[in-house]
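*Asks:* next come a sequence and a model predicted from it.
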Amino acid sequence: MKERKISIFVFFLLTLLTVSLKTYFAYYIDLSLGVKGIVQNLILLMNPYSLVALVLSLFLFFKGRKAFWFVFAGGFLLTLLLYSNVVYFRFFSDFITFSTLNQVSNVDSMSGAVWSSFQWYDFIYFVDTIIYLFILLFRRQLLDTKSFQRKFVPVLMGMSVALFFLNLAFAETDRPELLTRTFDHKYLVKYLGPYNFTVYDGVKTIQNNQQKALASEDDLAKVRSYTKTKYAESNPQYFGIAKEKNIIKIHLESFQTFLINKKVNGEEVTPFLNQLASGNKDFIYYSNFFHSTGQGKTSDAELTMDNSIYGLPQGSAFSLKGDNTYQSLPAILNQQQGYSTSVMHGDYKTFWNRDQIYKHFGIDKFYDATYYDMSPENLENLGLKDKEFFKESIPYLKAEKQPFYSHLLTLTNHYPFTVKPEDATIDSPNTGNPTVDGYIQTARYLDESVKQFVTDLKKEGLYDDSVIMIYGDHYGISENHNKAMAKLLGEEITPTKFMDLQRTGLFLKVPGVKGHVDSSYASQVDVVPTILHLTGINAKPYVVFGTDLFSKKHNQTVVFRNGDFITPEYKSINGVYYDNMTNQPITDSADKTKADKTKHQVETELEMSDSLINGDLLRFYKNPEFKKVDPIKFNYENGKVSK
């Protein structure tokens with residue numbers, strides 16, 4: 001009996017089908033896209049086909065076995081793109097962009113975290129690839145090498161393009177202005193698919209790269225006009241109360257405030273930070289303080305906390321805009337009040353391009369890993385363990401010329417949240433999820449590290465007369481772990497609950513100000529104007545998007561990088577408005593109108609911030625209060641030789 005052969009068109013259809021089926025598998029198993037209703041599910045079914053079919057149809061122009069190999073290669077590359085996004089999403093809850101490819105130098109330092117993102121069932125993504133490769137190599141007799149009629153290829157390509165525009169029409173119906181006023185990558189992937197999203201991102205990347213060349217002083221004027229209208233007058237009671245005081249900023253890696261007062265197995269997870277959050281100590285605790293980071297995560301938090309601007313929608317400004325002009329908080333303090341400035345971190349200086357961008361921030365000294373004892377017993381996960389880091393940082397702080405501004409970044413409480421048995425002083429909650437279980441144990445270690453550091457500051461006489469900031473940089477537990485988090489917290493992790501979990505907290509000690517709990521809504525963008533006013537420097541001449549936390553006119557709208565927002569009254573999540581108290585969708589038309597107005601302000605603010613960074617607009621600003629930083633004046637030499 002004669003074997004039935006596979007034509008190139010059948011092979012094309014099989015590859016199209018299997019790539020699309022894998023995409024559906026990723027949608028429903030690995031990617032949390034917030035799909036709701038019949039329309040969104042239909043869009044999800046439709047969106048993989050257009051670009052996959054368009055790419056694969058190009059190879060039908062080839063003849064013989066070559067056509068099979070090209071279709072196979074196209075399917076494999078599309079699979080690789082899909083799988084790379086799946087692994088990236090498990091770690092970052094986001095999708096790969098062209099901008100993030102500039103950050104591949106960080107992979108070596110984060111290899112442990114990357115390996116932890118792989119799952120046992122990942123072979124499913126490559127089953128078809130293995131079968132097709134076997135046929136191409138060992139069962140070539142099954143292939144019908146008769147060429148596809150080329151006159152039909154443009155027809156297939158035209159159908160693919162038509163399908164894309166049909167997909168886009170459905171998407172625009174469900175989500176108007178999808179391509180012009182959407183900052184959330186999950187939204188774009190949900191409506192366009194991962195393959196069309198990659199094309200869209202490529203176009204946006206080109207546009208953003210051109211923006212700097214086309215930018216002008218008129219663009220800066222628009223941004224200045226916006227930030228002037230948002231400016232909040234300082235509170236006379238606090239203005240200048242911390243003038244020329246040392247400023248010590250403690251950056252808590254991946255810290256979320258659900259840990260505050262949380263007990264596991266009857267034990268407090270963070271007993272020391274719980275004391276600081278009580279309002280009975282020296283610290284003001286901002287209980288509704290949120291992060292506003294995007295793909296840049298820690299680097300975004302640094303950018304925002306030092307500049308009162310938002311990170312980029314794609315990639316990290318540290319890596320992409322390291323040569324921009326900035327008006328950073330440390331540089332302002334140096335110029336206005338003679339502060340010496342430093343950063344201390346138990347990782348190497350090239351990570352996140354810090355050794356370059358800190359020069360543009362006007363940082364005098366950068367104590368990186370070469371200044372610390374990086375012996376194997378002192379290391380965990382990404383670098384130096386926090387207790388050792390803080391202990392070794394004290395002499396550097398004591399040597400700083402006062403007043404000083406010093407920023408210390410912790411590391412141990414970082415995904416995948418590993419800790420040695422001798423450092424684990426709280427039992428695992430045993431949720432069955434190693435990420436969530438490990439997070440509880442590394443958070444306890446972080447808490448103990450901060451307690452040790454604060455104790456040492458007191459011993460060395462650096463506590464009483466210093467402003468001390470302690471804050472979480474970004475979330476530690478992504479929505480991929482919602483089941484385990486529900487088990488840990490004893491409640492379902494709904495979209496509104498997940499937004500509540502984005503609180504990262506701010507603990508602020510100001511000499512002469514009594515500790516208390518402040519429930520005002522705020523985010524990292526508000527820190528710069530707050531510190532400027534506390535030190536007696538008017539924030540108005542500077543381009544800042546936040547407002548002073550002590551001001552009676554403080555703006556309580558918290559802006560998230562994806563365009564969502566939260567206020568004391570409302571939450572906006574994926575375009576749906578909720579009452580912030582009841583977490584129920586808003587139905588009242590007056591409330592919707594008010595929320596719409598806030599949504600427009602949020603979108604405008606993000607657009608202004610993106611314009612400022614992508615156009616490097618601060619190079620045009622002739623600020624009489626600020627002299628542009630000359631990065632050539634800064635040079636970060638290595639410290640002690642690593643052992």
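*Replies:* That came through fine.
*Asks:* quick one, domains of the protein?
*Replies:* Here the domain parsing of the chain from automatic domain parsing is 8-210, 238-547.
*Asks:* same question for the longest one, mean pLDDT?
*Replies:* It refers to domain 238-547. Domain 238-547 shows a mean pLDDT of 95.
*Asks:* contacts only, for S478.
*Replies:* Contact analysis of S478 by C-beta atoms under 8 Å, 6 or more residues apart in numbering lists 90-93. Heads up, the C-betas are built off the backbone N, CA and C, glycines and all.
*Asks:* for the stretch 51-200 of the chain, what spans make up the helices?
*Replies:* Here the stretch 51-200 of the chain has its helices, by DSSP state H, counting those that start in this stretch, at 64-92, 111-115, 127-138, 153-174, 185-214.
*Asks:* out of those, which gets the lowest mean score?
*Replies:* helix 111-115 (a mean of 59).
*Asks:* gap between A213 and E603?
*Replies:* Using C-beta to C-beta, to the nearest Å, we find A213 at a distance of 25 Å from E603.
*Asks:* ok, those two, which is more surrounded?
*Replies:* Ranked by neighbour count (other C-beta atoms under 10 Å), A213 and E603 place E603 first, with 18 against 8.
*Asks:* now the more buried one: how far from V10?
*Replies:* Shown here: E603 relative to V10, a distance of 47 Å by C-beta to C-beta.
*Asks:* may I see the contacts of S478 organised as JSON lines, with neighbour count added?
*Replies:* Below are those laid out as JSON lines (neighbours: other C-beta atoms under 10 Å):
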{"residue": "R90", "neighbour count": "20"}
{"residue": "F91", "neighbour count": "17"}
{"residue": "F92", "neighbour count": "18"}
{"residue": "S93", "neighbour count": "18"}
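*Asks:* closest to Q295 among the residues you listed?
*Replies:* F92 (6.6 Å; C-beta to C-beta).
*Asks:* find the nearest non-adjacent residue to that closest one, please.
*Replies:* Closest residue to F92 apart from its sequence neighbours, by C-beta to C-beta, 6 or more residues apart in numbering: Q295 at 6.6 Å.
*Asks:* can you tell me the SS state at the one you found?
*Replies:* coil (DSSP: H, G, I helix; E, B strand; the rest coil).
*Asks:* cool, and M581?
*Replies:* M581 ends up coil, using three-state DSSP.
*Asks:* burial count for it?
*Replies:* M581: 10 neighbours (other C-beta under 10 Å).
*Asks:* also D596?
*Replies:* 12.
*Asks:* before we move on, what about L501?
*Replies:* Counted with other C-beta under 10 Å, L501 comes out at 20.
*Asks:* also the one 5 residues further on?
*Replies:* The number of residues packed around L506, counting by other C-beta under 10 Å, is 27.
*Asks:* surely it touches Y286?
*Replies:* Yes: counting by C-beta atoms under 8 Å, L506 does reach Y286; the two are 4.1 Å apart.
*Asks:* give the residues shared as contacts by those two.
*Replies:* Once C-beta under 8 Å, 6+ apart is applied, the residues that L506 and Y286 both contact turn out to be A522.
*Asks:* quick one on the thing from earlier: list the contacts of the residue nearest to F92.
*Replies:* So Q295 contacts 92, 94, 97, 99-100, 311-316 (C-beta under 8 Å, 6+ apart).
*Asks:* then T547?
*Replies:* 230-232, 526, 529, 553-555.
*Asks:* buried among those? Make that a ChimeraX selection.
*Replies:* In ChimeraX, this line selects whichever of the contacts of T547 come out buried by 16 or more other C-beta atoms under 10 Å:
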select :230,231,232,526,529,554,555
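*Asks:* mind listing which of the contacts of T547 are in helices?
*Replies:* 230, 529 (DSSP state H).
*Asks:* now the contacts of T547 in TSV, with distance to T582?
*Replies:* Listed next are those as TSV, based on distance: C-beta to C-beta, whole Å:
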residue	distance to T582
K230	29
Y231	33
A232	29
D526	26
P529	32
K553	27
H554	25
N555	23
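*Asks:* how close does the residue sitting nearest the centre point of the chain sit to E603?
*Replies:* Compute the mean C-alpha point of the chain, and by C-alpha atoms, centre = their mean the closest residue is G294, 2.9 Å away. Distance, G294 to E603, by C-beta to C-beta: 15 Å.
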